[in-house]
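Chemist: Mind folding the following:
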Amino acid sequence: MTLGAPPPLFPDQKYFSPSQASRIVQIPEYTLRYWESRLRLPRPMRRESGHRRYTPRDLKLLLRIKELVQERRMTLEGARKFLLSEGRGRAAAPACAVGGDAAKVIREVREELRGLLSDLSD
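Modeler: Sure thing, here's the model as predicted:
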């Protein structure tokens, strides 16, 4: 994944099996499992049966790890530290996906609450 290349398109699915994830990211399934055990960053959800399911967010993270390890020649530990420091630089992501309209309302409410707080502190 280079800087000028568009991000890969994922099929319109919420969850992907390990074999589907392996094909999309273009790495063997055993590499996915190894990265999960070593990095503890891609945390696919598990069904009641114990089978792993990857989300599109997991796949994007796996593509980023692949770029760091294979193209930038980082070690897994170096990639893990890089991703963790990169995540701290951004605002914390919400625990669940929020649509565009809901995100806008949340931002407006947050700004209004900040305004009220500043009025009360004056």
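Chemist: now the longest helix belonging to the chain: mean pLDDT?
Modeler: The helix of greatest length in the chain, counted in residues with DSSP state H as the criterion, is given as helix 100-121. Taken as a whole, helix 100-121 carries a mean pLDDT of 83.
Chemist: distance between it and the chain's centre?
Modeler: 26 Å (C-alpha atoms, centre = their mean, to the nearest Å).
Chemist: could you dump that helix to PDB, C-alpha only?
Modeler: Provided in PDB are the C-alpha atoms of helix 100-121 (Å, rounded to 0.1, in the frame of the first residue of the first chain):
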ATOM      1  CA  GLY A 100     -22.400  11.000   9.800                       C
ATOM      2  CA  ASP A 101     -25.600  12.600  11.100                       C
ATOM      3  CA  ALA A 102     -25.200  11.100  14.600                       C
ATOM      4  CA  ALA A 103     -21.500  12.200  14.700                       C
ATOM      5  CA  LYS A 104     -22.500  15.800  13.800                       C
ATOM      6  CA  VAL A 105     -25.100  15.900  16.600                       C
ATOM      7  CA  ILE A 106     -22.600  14.500  19.000                       C
ATOM      8  CA  ARG A 107     -20.100  17.200  18.000                       C
ATOM      9  CA  GLU A 108     -22.800  19.900  18.400                       C
ATOM     10  CA  VAL A 109     -23.800  18.700  21.800                       C
ATOM     11  CA  ARG A 110     -20.200  18.500  22.900                       C
ATOM     12  CA  GLU A 111     -19.600  22.100  21.800                       C
ATOM     13  CA  GLU A 112     -22.800  23.300  23.600                       C
ATOM     14  CA  LEU A 113     -21.700  21.500  26.800                       C
ATOM     15  CA  ARG A 114     -18.300  23.100  26.600                       C
ATOM     16  CA  GLY A 115     -19.900  26.500  26.200                       C
ATOM     17  CA  LEU A 116     -22.100  25.800  29.300                       C
ATOM     18  CA  LEU A 117     -19.100  24.700  31.300                       C
ATOM     19  CA  SER A 118     -17.200  27.800  30.400                       C
ATOM     20  CA  ASP A 119     -20.200  30.000  31.400                       C
ATOM     21  CA  LEU A 120     -20.400  28.200  34.700                       C
ATOM     22  CA  SER A 121     -16.700  28.600  35.400                       C
END
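Chemist: Sweet, I'm off.
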